[in-house]
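# This is a predicted model, with the sequence first.
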Amino acid sequence: MLDFIIASMEIPMLSDIVLIFGLATLVILVFMRFKIPTIIGFLFTGALAGPYGLQLVNTSTTVEVLSEIGVILLLFVIGMEFSLKSLMAIKKAVFIGGSLQVFFTILVTTFISYFLGFEWEVAVFIGFLFSLSSTAIVLKLLQEAGQVNSISGRTTLAILIFQDIVIVPLMLFTPMLAGESDNIAWSLFLMAAKGTGVVILTLVSAKYLIPNILFRIARTRNEELFLLSIIVICFAVAYLTNILGLSLGLGAFLAGLIISESDYSHHATGKILPFREVFLSFFFVSVGMLFDITFLFSNILVILGLTLLTFLVKFGIITAAVKAIGQKTKDAFIVGFSIFQVGEFSLLLAKEGLKYELLDAETYQYFLAISILTMATTPFVLKARENLTRKLLVVPLPQRLKKRLNKNKQTGPDIEFIEKEMKDHLVIIGYGLNGRNLSRAAKSASIPYSIIEMNATTVKEEGLKGEPIMFGDAANEAVLEHVNINKARVAVIAISDAEATKRIITAIRHITQNPYIIVRTRYVNEMEENHKLGANEVVPEEFETSIEIFNRVLTKYLIPRHDIEEFTEEVRSHNYEMFRLGSESTASKVKFDLPAINFIGVKVERDFGSFINVPLKDAGIREKLGVNVVAIKRGNKTISEITGQEKLKLGDVVYVVGKPAALEKFEEEVEIHD
């Protein structure tokens, strides 16, 4: 009986998941051909599968639960990626530009909504919805176009950062607008008190508690334990804020903020991202399930008119806000064309509005239609934004207005870079013996470098010494992006794990083709696969050791350095065939002419003899034995300029050159033999 109950619970969930993901895969595959954002694909999937579409998913309970987890993970990741240091570097653009944009969008939208017949609480809430833009869509498009580091790109990013932060208080204010509290002043005070307590707890945890816990966990090098601890922190803090009457989203954001102050934030982000993407897809599907496509076509003219109004209002306010922080008119227009759309957080907020009955079904349908249209047009507008800006700049305007528009020039360097980004640098993956030696060499040569290491103790110790080292798995794209792998000149993978090495090469090449990848492997049979994956150069330890030994042997045989280098290069170019067991050497171009002479050092152990305490010109060592004295070491002094008056004395080390037989005779003359 129990098995039947469990099966009946699991099968509907499994069927919903299979239907949603299967349909989403087909939809997104089609949408990608037309370069329509993935978010739109998930929304369309929900509309297609939901009660207003093909009715493939009749119950949305499963989707609702999974979408809630997606929202929690989304805010958690935003918290982990949040940096107070980065925020302070562009504080003017974030706090002034962002607050002006959000405040005036809410204000103008509230007046328009009130004029259209909505009650003021609902009008304010609609203002909340339209004040936010799509971080996910815009940042992805800017990154693909290589525009993130431009002035307009940084300003866009700054305003989006403020919007991502402001979603938390907007969600907290939503229940108050719905009249959930009789005494708004007391509710605000209570919320502020609770918020202050949670923030204090967050700061204490971020400073003392969580970094120590994560250090101990990371030191075990158990990835499952690390992931589990991150998830526990996320949901524990979210649960705590929920108990206090605050939102789950706020708790998730604060949990991310706690981890962001540790050395493990980037590694944690990479671990959580796949889960976030999966669960967040359910959120967008759940929103799409509430969308009635027939409503869109029935009210197409009204919806198109409201969409155009949304574009004009947001474009105008964004342009004015960017001008207010001292940017050029051109950059202000470009930013306006970038973030005119309604964002994914607006969809999240709209679902809260439905829950608290701030939105009725019809209003929600209008909002969804406008959101989807603005999101769908974003890639095309963003692509054409430079041309649209140029056309706007040549529009004939009154002279006074033109002067006002051109009055403010770009001021304040704080939006140029969030932080000084490394470029043309070296990325060292693995901080063992090879990694350490490489970092020392790079430092001596003034080559900028970053280190990625999985040993938590090493990261902590070297970080305190000032090394640019971070904890993380280099097979994790979030970690690689943090060290600007796409702008690195060289990446050296100096770890002993063959499988991890392959994953890292694959991850680097998935992001960029830019860096020259040098890989250290233990065995030569690993070379071919690493080359196929994208490594430019593979250095196998077993044969490099053989080369080094043989080089030293050749040196002792007085082979010219040029010939040794030529031999080494040929061995490497033939993939070490010379050293392979049972193979014929292909390195046959270099032929060595071994000289019949040797170079040795002999210690004088006698205080008398034919060649001792006698001037060299009278001793006749060269004439009698065929041996040349090259240098004499006497105590701590080396005599390299030998004259005929120089004498060999007891205790000297004499460096001589000659044939092996002649050198043996010389040794017999100056050494004591049993």
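Nice, thanks for sending it over. Numbering: from 1, shown residues only.
# can we go C-alpha only for contacts and neighbour counts from here?
Noted.
# Using CSV, write out every CA atom in stretch 129-138.
Extracted C-alpha coordinates of stretch 129-138, given in CSV (Å, rounded to 0.1, in the frame of the first residue of the first chain):
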residue,chain,number,x,y,z
LEU,A,129,6.9,46.0,-11.9
PHE,A,130,7.9,48.3,-14.7
SER,A,131,10.9,49.8,-12.9
LEU,A,132,13.0,46.7,-13.3
SER,A,133,14.9,45.4,-16.4
SER,A,134,16.3,42.1,-17.5
THR,A,135,19.8,41.5,-16.1
ALA,A,136,20.0,38.0,-17.5
ILE,A,137,19.2,39.0,-21.1
VAL,A,138,21.0,42.3,-21.3
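# which other residues reach it?
Where contact means C-alpha atoms under 8 Å, 6 or more residues apart in numbering, the residues beyond stretch 129-138 that reach it are 37, 39, 101-103, 105-106, 109, 160, 163-164, 310, 314, 338-347, 349-350, 375, 378.
# Please convert the buried members of those into PyMOL selection syntax.
Remark: buried members of these, expressed as a PyMOL selection using 16 or more other C-alpha atoms under 10 Å:
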select buried, resi 37+39+101+102+105+106+109+160+163+164+310+314+338+339+340+341+342+343+344+345+346+347+349+350+375+378
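# Filter the contacts of stretch 129-138 down to the ones in helices?
Among the contacts of stretch 129-138, the members falling in helices are 39, 101-103, 105-106, 109, 160, 163-164, 310, 314, 338, 344-347, 349-350, 375, 378 (criterion: DSSP state H).
# can you map out the strands along this protein?
For the chain, strands defined by DSSP state E occupy the ranges 426-429, 449-453, 469-471, 490-493, 516-521, 537-540, 598-603, 628-634, 637-639, 653-658.
# Would you enumerate the residues in contact with the residue nearest the centre of the chain?
With distances taken as C-alpha atoms, centre = their mean, the residue of the chain nearest its centroid is E481 (2.2 Å). Taking C-alpha under 8 Å, 6+ apart as the criterion, E481 is in contact with no other residue.
# and the gap between T307 and T377?
According to C-alpha to C-alpha, to the nearest Å, T307 stands 11 Å off from T377.
# so Q147 makes contact with G153?
Yes. Distance between Q147 and G153: 5.6 Å, which falls inside the contact criterion (C-alpha atoms under 8 Å).
# neighbour count winner among those two?
Set side by side, Q147 and G153 show unequal neighbour counts under other C-alpha atoms under 10 Å, the larger going to G153 at 22 against 14.
# ok, I217 - how many residues close by?
Counted by other C-alpha under 10 Å, the residues lying close to I217 total 17.
# separation between the nearest residue to it once chain neighbours are set aside and L368?
Leaving aside its chain neighbours, I217 sits nearest to F226 (6.1 Å; criterion: C-alpha to C-alpha, 6 or more residues apart in numbering). Distance of F226 to L368, computed by C-alpha to C-alpha: 39 Å.
# Mind putting the strands of the chain into JSON lines with mean pLDDT, distance to E671 and mean neighbour count?
Listed next are the strands of the chain as JSON lines, based on pLDDT from 0 to 100; distance: least, C-alpha to C-alpha, whole Å; neighbours: other C-alpha atoms under 10 Å:
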{"stretch": "strand 426-429", "mean pLDDT": "92", "distance to E671": "51", "mean neighbour count": "25"}
{"stretch": "strand 449-453", "mean pLDDT": "93", "distance to E671": "53", "mean neighbour count": "22"}
{"stretch": "strand 469-471", "mean pLDDT": "90", "distance to E671": "55", "mean neighbour count": "25"}
{"stretch": "strand 490-493", "mean pLDDT": "91", "distance to E671": "51", "mean neighbour count": "24"}
{"stretch": "strand 516-521", "mean pLDDT": "88", "distance to E671": "47", "mean neighbour count": "21"}
{"stretch": "strand 537-540", "mean pLDDT": "82", "distance to E671": "44", "mean neighbour count": "18"}
{"stretch": "strand 598-603", "mean pLDDT": "84", "distance to E671": "7", "mean neighbour count": "16"}
{"stretch": "strand 628-634", "mean pLDDT": "89", "distance to E671": "15", "mean neighbour count": "17"}
{"stretch": "strand 637-639", "mean pLDDT": "87", "distance to E671": "20", "mean neighbour count": "12"}
{"stretch": "strand 653-658", "mean pLDDT": "88", "distance to E671": "11", "mean neighbour count": "19"}
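# Distance to I96 added to these, as a markdown table?
Conversion of the strands of the chain to a markdown table gives the following (distance: least, C-alpha to C-alpha, whole Å):
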| stretch | distance to I96 |
| --- | --- |
| strand 426-429 | 36 |
| strand 449-453 | 34 |
| strand 469-471 | 33 |
| strand 490-493 | 39 |
| strand 516-521 | 42 |
| strand 537-540 | 49 |
| strand 598-603 | 77 |
| strand 628-634 | 75 |
| strand 637-639 | 72 |
| strand 653-658 | 77 |
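# closest one to K383 among those strands?
strand 516-521 (30.9 Å; C-alpha to C-alpha).
# Just the CA trace of the closest one, in PDB.
Presented in PDB, the C-alpha positions along strand 516-521 are these (Å, rounded to 0.1, in the frame of the first residue of the first chain):
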ATOM      1  CA  TYR A 516      47.900  29.500 -25.100                       C
ATOM      2  CA  ILE A 517      47.400  26.400 -22.900                       C
ATOM      3  CA  ILE A 518      50.500  24.600 -21.600                       C
ATOM      4  CA  VAL A 519      49.700  21.300 -19.800                       C
ATOM      5  CA  ARG A 520      51.900  19.200 -17.500                       C
ATOM      6  CA  THR A 521      51.100  15.500 -17.700                       C
END
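# ok, which stretches of the stretch 51-200 of the chain are helices?
Assignment of helices within the stretch 51-200 of the chain using DSSP state H, counting those that start in this stretch yields the ranges 61-81, 84-89, 91, 98-115, 120-130, 135-145, 151-177, 184-204.
# By mean pLDDT, show me the worst of these.
Set side by side, the helices of the stretch 51-200 of the chain show their lowest mean pLDDT on helix 84-89, which sits at a mean of 62.
# got the contact list for the closest residue to I317 other than its chain neighbours?
Counting by C-alpha to C-alpha, 6+ apart, I317 lies nearest to Q101, which is 6.1 Å off, once chain neighbours are set aside. Listed by C-alpha under 8 Å, 6+ apart, the contact set of Q101 reads 131, 159, 317-318, 321.
# List just the nearest of those to S281.
Set against S281, the nearest of the contacts of Q101 by C-alpha to C-alpha is S131 (22.9 Å).
# Can you report how many residues lie near the closest one?
When counting by other C-alpha under 10 Å, one arrives at 26 neighbours for S131.
# cool, D497 as well?
The burial count assigned to D497 is 11, neighbours taken as other C-alpha under 10 Å.
# Then G197?
For G197, the tally of surrounding residues (other C-alpha under 10 Å) stands at 12.
# Could you check how far it is from L203?
According to C-alpha to C-alpha, G197 stands 10 Å off from L203.
# quick check: mean pLDDT across stretch 236-253?
Rounded to a whole number, the mean pLDDT of stretch 236-253 is 77.
# who's in contact with that stretch?
71-73, 75-80, 168, 171-172, 191, 194, 198, 234-235, 254-255.
# Pull out the buried residues from that stretch.
Along stretch 236-253, the positions that meet the burial threshold by neighbour count (16+ other C-alpha under 10 Å) are 236-241, 246-253.
# repeat for stretch 450-467
Here stretch 450-467 shows 450-456, 458-460 as buried, counting by 16+ other C-alpha under 10 Å.
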